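Engineer: Model the structure of this input:
(one chain, ligands or ions: 1)
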Amino acid sequence: MEKTGKQIGAFRTFAMALGLAASVAALSAPARAADGKLTIGVVLPLSGLYANEGAQYENGIKVYQALHGTKAAGLDVETVTRDDQGPASGDLSRRLTQELIVRNKADVILGYSFTPNAMSAATLLTEAKKPAVIINAATSIITEKSPYFVRVSFTTGQLAATLGDWAAKNGVKTAYTIVSDYAPGIDAETWFKEAFTKAGGTIVGGARTPVSEMEYAPYLQRAQEAKPDAIFSFDPGGDVAVAFMKEAKKRGIMQSGIKMLVTGDVVEDNSVPLFGDAIEGVISVHHYQVGLDNDENKAFVKKYKEMFGADAIPNFRAVQGYDGMSLIYHAVEKAKGKTDADSIMEAMKGLTIQSPRGHVTIDPRTRDVVDDMYVRRGGQKDGLWQNIQIATYPDVKDPAKEQPAPAK
Ligand code: PHB
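Structural biologist: Below you'll find the predicted structure:
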């Protein structure tokens, strides 16, 4: 059928409209990074009481690049690292994050060891539309504070609920809780209690300690006086955890018939040799221990020792640094080199990566990490004091996002 002049005119208008729409779409469609670079702004505690912990994350980041190179989806990956000094410096974290975004043109942030630091950056990340991969901060609610947060670490609820369930099912009838008095500690207390009592256990008392407490004698004294079957404890690791374990050792708690149940933060793999026989029988839950038997972990530990010395022991923080980089690399590859926030966020949701800890999935609904939880017992293996895996809870999610909050 021949087209009339009117039909041809209408067709032209339609085609022009289509062309225009296509070019607008091309303008607004996320493109590959124009500068050929992917800049990762890194925020870690690199000085002060938690500097050793900061070094672990940073080392993990370096190991990832040493093993997997400095290109992702053909882009040159650059890291720019800043020191936020520890948990008392939320404002500094926010300021550093802002500088990394504005001055250094960071495409993604990787960082925040502590909950207050992650919380302080939330609004800024939302306003700036910048994805941030949480390298450690472990309070459940953080990921709800910005749609641009993704967590690659763990939540203290994941650890504590697993430990509470395991303990009640393995002969522990009563427990006393000691947790650091800030959000991840309160989450740990809440979810230990919930899982432990649900499986038949009873909480006989508890204490909350200042975040950077170094004097555990009064707390452990009171716990001993309550005569529980077990003490459950969470603290943010490092020197604080060493102080806790030293005091427990001095009091002979583990030999007195009271079981010690702790989150993995308290018995970091690199601190275990310092504890020596005090680690004997200590039950902990975490997503990583250095002795894990998988190929990715073997390559990771080998490279870590090559780079940082034969005696250097990577802990879960180094793995979180490594996995944070892995997640960013894989997301940018999945997004075919697009580095805008929405492309990166979409790519991260539902992504599964292989890790020295096993496998890690980002829950597409919550942007929180889903991974295996290992129950470990302190003991000697190959002549070394270690956290030795005795049970596995597969694919554990943050309990706070799976069920209603328990009554206080
Ligand atoms: C936190 O502040 O969320 C935090 C810090 C250190 C840990 C665990 C949680 O080991």
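
Engineer: Touching, Leu92 and Gly86? I think so.
Structural biologist: No: assessed by Cβ atoms under 8 Å, Leu92 is found out of contact with Gly86, at 9.3 Å. Yep, even glycine has a C-beta here, placed from its N, CA and C like the rest.

Engineer: More neighbours: the two, which one.
Structural biologist: It is Gly86, of Leu92 and Gly86, that has more neighbours when counted by other Cβ atoms under 10 Å, with 26 against 17.

Engineer: Would you mind listing the residues in contact with that one?
Structural biologist: Applying Cβ atoms under 8 Å, 6 or more residues apart in numbering, one finds that Gly86 lies in contact with Pro45, Ser47, Gly48, Leu49, Tyr50, Ser113, Phe114.

Engineer: do the same with Asn52
Structural biologist: So, once contact is read as Cβ under 8 Å, 6+ apart, Asn52 ends up touching Gly238, Asp239.

Engineer: follow-up on the earlier one: out of the contacts of Gly86, flag the one nearest to the ligand.
Structural biologist: Phe114 (3.7 Å; Cβ to the nearest ligand atom).

Engineer: Count the residues that sit near the closest one.
Structural biologist: So Phe114, with other Cβ under 10 Å, has 27 neighbours.

Engineer: Ranking by neighbours, what's the top pick from the contacts of Gly86?
Structural biologist: In terms of neighbours by other Cβ under 10 Å, the contacts of Gly86 top out with Ser113 at 30 neighbours.

Engineer: Model confidence score at it, please.
Structural biologist: Predicted confidence (pLDDT) for Ser113: 97.

Engineer: Surely it touches Ser153?
Structural biologist: No: judged on Cβ under 8 Å, Ser113 makes no contact with Ser153 at a distance of 9.1 Å.

Engineer: any shared contact partners between those two?
Structural biologist: Ile135, Asn136, Ala137.

Engineer: Just give the closest residue to the last one, not the sequence neighbours.
Structural biologist: If you skip the residues right next to it in sequence, Ala137 has Ala118 as its closest partner in space, 3.9 Å away by Cβ to Cβ, 6 or more residues apart in numbering.

Engineer: From what I see, that neighbour and Tyr148 are in contact.
Structural biologist: No: using Cβ under 8 Å, Ala118 makes no contact with Tyr148, being 11.5 Å away.

Engineer: Surely Asp91 touches Met119?
Structural biologist: No: Asp91 lies out of contact with Met119 (Cβ under 8 Å); the separation is 11.2 Å.

Engineer: Neighbour count for those two, which is higher?
Structural biologist: In terms of neighbours (other Cβ under 10 Å), Met119 is the more surrounded of Asp91 and Met119; the figures are 20 against 12.

Engineer: Confirm for me that the more buried one is in contact with Ser146.
Structural biologist: No: look at Met119 against Ser146 with Cβ under 8 Å: they stay out of range, at 9.6 Å.

Engineer: before we move on, back to that, tell me which two of the contacts of Gly86 sit farthest apart.
Structural biologist: By the measure Cβ to Cβ, Ser47 and Phe114 form the most distant pair in these, at 13.9 Å.
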